[in-house]
Structures are given as C-alpha cells and as structure tokens.
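Student: no sequence for this one, just the structure:
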C-alpha cells in the first residue's frame, strides 16, 4: 500500500493547451487494463529529454535519442506498458520504428516526429498486432482531459496513478504545467525504472530546453531511491507547446526563468516523490537533508550513502532508531 499517496482528483488536473491524449486497452500483457497511450502535440511544440545511463538502453530509448537528434519538431508520443521492449536486439528497434510509423500515418506526420516509450518486463518481444491496433484506438480517443487516464495507461507495478498539475503567474500570464509518471521498483538516481512526461504551454526556446530538462531531472527524479537499482528504459521528457500568449522564454537571463524553473521542479518533485511513496514494499517515506557540505557532490555522496544502506532501511522499517547504525 502506498505511503500517504492517493489518486489524483480530476478537478486538480489542468489540461495543457497544445496537448491531447488518448488511451486504449490493447492486451499487451494483461487483459482489461489501459496499456497504450498516444499523445499528440501541437505544431511548433518543442521537446527535450533525459534518458537512462544504463549502457544496455532499451530499443525505444535508442529510437527516441535518434529521432530527437534528427528533428526539433516532435509531434507525438506513444507509450505502451506491460512489455519493455528491452533486451530484444535489432527486432526491438524495428518494432519501435514500426510503432512510430503507424502513429505517423494516423496523425499525418513523419515517423521521426514520433517518440516511442515502453515499460514492463524485459527480454520479451512486443505483441505488435495488439500494439498497433491499440495505437489506432488510442489515437481515436484523443482529448485534452485524458491526463489521469494517461497516468493509468503507463503504470506497471504502480498501485496509484501519478499525475500532478500547477498553474503559476508569470508576468501577468497564467501558465499551466501538468505531468504524469510511473515507477515503483528498481528506483535509483540516474535514473530509475521510470517514465516521466511534463508539459507546459509557455514557449521555451530549444536552445535552453535541454538545459532546463536536465536541471529539473537533477532536482527531482535523480534525487530519489527505493531499492538502489536502475533500469534500461528510464526516460523523462519535457514538452513546451508555446500555446500560451506569454512571450517565449529564450534564455536563462529572462527574469521569468527562475520562477518557471521552480514551478517545473515542484511538479517533477511531486511526481518523483510519488514514485517513492508507491515503492514496491514501501512502508516509510524518508527525506534526507545534508547540511554544511563543502559542495553539492559531497552532499549527494553522503545522502546516497545513507539512503542506500540496508542497515538504515532495516532500522526505519522496524521503527527502531538503533543509533549505532
């Protein structure tokens, strides 16, 4: 049971102009559950991402990196849960590309403008007939209000969908930030067995978007741990649709930059902390604060030494301080 984590309320989740989402039940691994997500992005949207540091990156991660290197005009995202398409060799890459091809035909864009993501068990091939049918069904159910369904469609062993929204005033313009995540096991910094997608309607220039997504990840997803293990499919994507009437943010010197960054980090922290609260077997949620370190590197080294210690975890699990540990 998740630690003080409850399903999101629909009244607290705000649609992001320029983003529509659709889900389907495609029987990827289990029947009668949402397991395919399609996200269509408005023309002109900008996307950047950070991915697993695992040298055995799964096929969809390889394809995502390739597509992001080939175009700055991503139009869609497709996600399946149940099977991770990891450890599947060349066929896995072919399957990921075929999934992009299918969605591009439906949405009338290039396959390179589609980013594929998969999560679930590794070393198994995707059931492509089911997946492609699910992609078509999901694309036929696109809606700006499908964020909570989208959060459910990317869950694996999660027990609670993870979705969070925030609105913030930037120089007289109200901007919206909404995100979803999944992850509850093999959670460790750089990165976890997780997927994360955050969208905002304010324009963020592509020249700084990669810097922004890395800064947000380092302050959130790369600060959590459940069991100290990483994975092959980890991905965090930041989407800027530019559909807000506010002027785009084109540099870190913009006086609105810090406020936007703080808001993005808050959303990412809420989502990443939700993964810890929903960690497999979790019974406690612990925050470690390090003071008086010489620098960030030393502070992180100390924090991770405590967080990854089986002895410390044992003491907390038993609610027994056992200060000798």
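Tutor: Cool, got the structure. If you're wondering where the values come from, they're calculated on a predicted model, not measured in any experiment.

Student: Quickly list the domain ranges of the protein.
Tutor: Domain assignment of the chain by automatic domain parsing yields the ranges 10-282, 286-325.

Student: Tabulate those (CSV), appending mean pLDDT.
Tutor: What follows is the domains of the chain, written out as CSV (pLDDT from 0 to 100):
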stretch, mean pLDDT
domain 10-282, 94
domain 286-325, 90
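
Student: Could you check these and tell me which one is nearest residue 3?
Tutor: Of all the domains of the chain, it is domain 10-282 that lies closest to residue 3, at 4.5 Å by CB to CB. In this view, the C-beta of every residue, glycine as well, is placed from N, C-alpha and C.

Student: what about that closest one, start to end distance?
Tutor: The distance separating the two terminal residues of domain 10-282, taken as CA to CA, to the nearest Å, comes to 26 Å.

Student: now stretch 48-59
Tutor: Span of stretch 48-59 from end to end, CA to CA: 18 Å.

Student: and the closest residue to residue 284 other than its chain neighbours, what element?
Tutor: Excluding its sequence neighbours, the residue lying closest to residue 284 (CB to CB, 6 or more residues apart in numbering) is residue 316, at 5.1 Å. Using DSSP states H and E, residue 316 sits within helix 310-317.

Student: Mind listing what's buried along that helix?
Tutor: 312-313, 315-316 (16 or more other CB atoms under 10 Å).

Student: Can you pull out the residues in contact with it?
Tutor: 283-284, 286, 306, 321-322, 325 (CB atoms under 8 Å, 6 or more residues apart in numbering).

Student: which parts of the helix or strand containing residue 64 are buried?
Tutor: Assigned by DSSP H and E, residue 64 belongs to helix 59-70. The neighbour-count criterion (16+ other CB under 10 Å) identifies 59-64, 67-68 as the buried residues of helix 59-70.

Student: swap in stretch 201-209?
Tutor: Neighbour-count burial for stretch 201-209 [16+ other CB under 10 Å]: 201-204, 208-209.

Student: In helices only, show me these.
Tutor: The members of the buried residues of stretch 201-209 that map onto helices under DSSP state H are 208-209.

Student: Quick check: which of the domains of the chain is buried the most?
Tutor: Here the criterion is mean neighbour count by mean count of other CB atoms under 10 Å, and of these the winner is domain 10-282, at a mean of 20.

Student: on that earlier part again, how far away is the residue nearest to residue 284 from residue 323?
Tutor: Applying CB to CB, to the nearest Å, the value for residue 316 to residue 323 is 13 Å.

Student: cool, residue 85 as well?
Tutor: 46 Å.

Student: Likewise for residue 310?
Tutor: Taking CB to CB, one finds residue 310 at 17 Å from residue 323.

Student: Find the centremost residue of this protein, please.
Tutor: residue 196 (0.5 Å; CA atoms, centre = their mean).

Student: Identify the bridge partners of it.
Tutor: For residue 196, the beta-bridge partners under DSSP bridges are residue 181, residue 236.

Student: who touches it in this structure?
Tutor: 179-181, 221, 235-237, 268, 271-272.

Student: picking up where we left off before, widest-spaced pair of the buried residues of stretch 201-209?
Tutor: 201 and 208 (16.9 Å).

Student: Quick one: the helices in the stretch 201-325 of the chain, in order.
Tutor: 206-218, 257-277, 296-307, 310-317 (DSSP state H, counting those that start in this stretch).

Student: could you pull out the strands for the stretch 1-150 of the chain?
Tutor: 19-24, 36-41, 46-51, 76-83, 114-121 (DSSP state E, counting those that start in this stretch).

Student: Among those strands, which comes closest to residue 246?
Tutor: strand 46-51 (14.8 Å).

Student: contacting residues around that closest one?
Tutor: By CB under 8 Å, 6+ apart, strand 46-51 touches 41, 57, 61, 64-65, 68, 72, 74, 115, 191, 203-206, 209-210, 212-214, 217, 234-240, 242.

Student: next one: stretch 251-258
Tutor: With CB under 8 Å, 6+ apart as the criterion, stretch 251-258 contacts 170-171, 205, 207-208, 211, 246, 249.

Student: what bridges to residue 249?
Tutor: Residues in beta-bridge contact with residue 249 (DSSP bridges): residue 204.

Student: Test my guess that it contacts residue 260.
Tutor: Yes. If you go by CB atoms under 8 Å, residue 249 and residue 260 touch, sitting 6.2 Å apart.

Student: what sits in contact with each of those two?
Tutor: With CB under 8 Å, 6+ apart, residue 249 and residue 260 have common neighbours 202, 204.

Student: could you say which helix or strand contains the closest residue to residue 158 other than its chain neighbours?
Tutor: In this structure, residue 158 finds its nearest non-sequential neighbour in residue 184, 4.9 Å apart by CB to CB, 6+ apart. Counting by DSSP H and E, no helix or strand carries residue 184.

Student: ok, residue 184 to residue 274 distance?
Tutor: 9 Å.
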